[in-house]
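In: could you look at this predicted model? Sequence included:
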Amino acid sequence: MQFRQQALAKLRSPEELDLPVRFARPQGRLALSVTVLAMAAASVWAVTGTVTSTVAAPAVLTHAQGSYILQSPVAGQVTAVLAKEGERLPANAPVLKVRTAQGETAVVRTVASGRVTALAAAIGAIISTGANVAAVEKAAHADDPLYATVYVSAASAAAVPADAAVDLTVQSVPAQRYGVLRGHVKAVGRSAQTRQQIAAYLGDAQLGEQFSEKGRPVAVLVRLDRSSATRSGLKWSSADGPPYALTSMTLATASVRLAGQRPVDWLLP
């Protein structure tokens with residue numbers, strides 16, 4: 001009997017139209033609004049926004065003209081070393097004296113003006129014709145600006161835009177205390193560099209091997225940002241930077257900001 005009464009009651013009001021309508025609670029409306037706004041913002045960002053990525057690469061502080069390796073034009077025994085590492089010499093300046101097998105004394109001279117970064121010959125050494133005796137950085141003046149040469153993999157070099165921001169962790173500067181060195185891309189090389197090309201530009205065969213051990217990289221020239229507020233004259237992520245000037249041929253690790261990519265591209269086939 002009880003079930004019969006319930007069935008009759010349902011037939012009389014099948015849609016329960018006589019019951020009041022229950023709307024969503026205020027908390028539910030707030031959650032729904034936030035969800036809709038978040039989805040709308042994500043949709044706009046996916047269409048118009050970009051994602052910035054970086055690539056890490058080895059670097060070395062240099063002058064824009066690079067270096068050259070000085071070779072002896074004669075064979076013989078070194079009788080005098082006339083230059084010192086770190087010394088700045090004009091073109092055609094004497095570097096070594098060599099006594100040949102005929103008893104004559106020949107003088108090995110610089111080819112172009114610059115700073116001697118390495119001497120590979122000592123007094124008494126026997127050298128052959130064409131032997132590497134010194135590395136000379138082509139910087140005519142002491143105030144020539146420093147740059148950073150970054151060796152980026154060929155696969156990543158195409159994504160490096162002009163004037164891209166670069167952060168450099170300098171090997172001789174504690175990053176925890178003084179931060180990173182700031183710079184911007186000045187030029188991107190047109191082709192990958194061989195080990196011999198890198199060694200010739202830097203005047204260091206060991207660096208040529210080191211920078212090309214994972215394949216032929218592309219040289220990216222980075223202009224270091226200047227600042228009159230620091231002792232080094234360069235801009236750092238910290239307020240002051242290190243209390244000393246940087247020298248060329250100092251190794252560093254660069255973080256290069258690549259061109260932004262639109263996130264919607266990741267979703268499309």
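Out: That came through, no problem.
In: going forward, measure contacts and count neighbours with C-alpha atoms only.
Out: Noted.
In: so what sits opposite V170 in the bridge?
Out: Bridge pairing for V170 (DSSP bridges) gives the partners A252.
In: quick check: it touching G179?
Out: No - between V170 and G179 there is no contact under Cα atoms under 8 Å: 9.1 Å.
In: ranges for the strands of the stretch 101-250 of the chain?
Out: Assigned by DSSP state E, counting those that start in this stretch, the stretch 101-250 of the chain shows strands spanning 105-109, 114-119, 126-127, 132-137, 147-153, 165-170, 181-188, 217-224.
In: tabulate these (JSON lines), appending mean neighbour count and distance to K97.
Out: Output for those, formatted as JSON lines (neighbours: other Cα atoms under 10 Å; distance: least, Cα to Cα, whole Å):
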{"stretch": "strand 105-109", "mean neighbour count": "19", "distance to K97": "5"}
{"stretch": "strand 114-119", "mean neighbour count": "22", "distance to K97": "13"}
{"stretch": "strand 126-127", "mean neighbour count": "18", "distance to K97": "11"}
{"stretch": "strand 132-137", "mean neighbour count": "23", "distance to K97": "11"}
{"stretch": "strand 147-153", "mean neighbour count": "26", "distance to K97": "33"}
{"stretch": "strand 165-170", "mean neighbour count": "22", "distance to K97": "37"}
{"stretch": "strand 181-188", "mean neighbour count": "20", "distance to K97": "40"}
{"stretch": "strand 217-224", "mean neighbour count": "24", "distance to K97": "36"}
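In: wait, which of the ones you listed is closest to L89?
Out: The minimum distance between L89 and these falls on strand 114-119, with 5.6 Å, by Cα to Cα.
In: mind listing what that closest one pairs with, with the direction of each?
Out: Using DSSP bridges, the strands paired with strand 114-119 are strand 88-89 (antiparallel), strand 132-137 (antiparallel).
In: mind exporting the last one as CSV, just the C-alpha atoms?
Out: This means strand 132-137. Only the C-alpha atoms of strand 132-137 are listed here, as CSV (Å, rounded to 0.1, in the frame of the first residue of the first chain):
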residue,chain,number,x,y,z
ASN,A,132,105.5,27.4,-32.3
VAL,A,133,107.4,29.7,-30.0
ALA,A,134,104.8,32.2,-28.8
ALA,A,135,101.1,33.1,-28.8
VAL,A,136,100.3,36.8,-29.3
GLU,A,137,96.9,38.4,-28.8
